[in-house]
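Enquirer: Quick one: sequence and predicted model below, then my questions.
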Amino acid sequence: MSQFKHTLLLVLLLTVTSCGVNLKAPSVKITTPLNGYKYFYITPTEEKVSTSGYLYNGFGASSTCSANPADIITGILVKRGFTRIPELKPENLDRTFIVNYGESGRRKIGLFAYAIEVTLQFISADTHDILCTSTAEGCGETESDDIRIAITRGIEGVF
């Protein structure tokens, strides 16, 4: 086997073993269930861009991946039957919740891997009371994957 194949095999083994980790279970605190709510509003988030790649003997390749947390949250909640609204309107406040997103930590979980932790906060649009909070970790090939996995796990924990 050539040296390139040995190096590639080593990189693949390290990637597989570093992401085959146990993530912490999502931490969910529900004060008021989201039953009875129809609409949601998401505070704006910025797109997260991450790049992965390799370099060997002057040759290499890379790929770029991006994720906008608001888009991921929207996709999951719309699939569950909620409607995203572009702005808060007084006539719908009693049936609308607001979703806040934030990255709340990182944890080293392997030789070359770490998990990103995100926290989602669901707030009543009319009273501003916290309906529920969910914190979850994600670990994927890129930071964008980490965020996507963590958001998905966090929302699944609420429902």
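Expert: Sure thing, it's come through.

Enquirer: what comes up buried for stretch 66-83?
Expert: 67-70, 72-74, 76-77, 82 (16 or more other C-beta atoms under 10 Å). Where C-beta positions appear, they are placed from N, C-alpha and C, glycine not excepted.

Enquirer: where along the protein do the strands fall?
Expert: Using DSSP state E, the strands of the chain run over residues 27-30, 39-42, 48-56, 59-67, 83-84, 96-108, 114-124, 130-138.

Enquirer: Is it possible to get those strands out as JSON lines so that each row also shows mean pLDDT and distance to residue 159?
Expert: JSON lines is the format used below for those (pLDDT from 0 to 100; distance: least, C-beta to C-beta, whole Å):
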{"stretch": "strand 27-30", "mean pLDDT": "97", "distance to residue 159": "10"}
{"stretch": "strand 39-42", "mean pLDDT": "98", "distance to residue 159": "13"}
{"stretch": "strand 48-56", "mean pLDDT": "71", "distance to residue 159": "24"}
{"stretch": "strand 59-67", "mean pLDDT": "78", "distance to residue 159": "21"}
{"stretch": "strand 83-84", "mean pLDDT": "97", "distance to residue 159": "16"}
{"stretch": "strand 96-108", "mean pLDDT": "92", "distance to residue 159": "13"}
{"stretch": "strand 114-124", "mean pLDDT": "95", "distance to residue 159": "11"}
{"stretch": "strand 130-138", "mean pLDDT": "97", "distance to residue 159": "10"}
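
Enquirer: Wait, residue 134 touches residue 25, no?
Expert: No: in this structure, residue 134 is not within contact of residue 25 by C-beta atoms under 8 Å, at 11.1 Å.

Enquirer: Since that was my last question, I'll sign off now.
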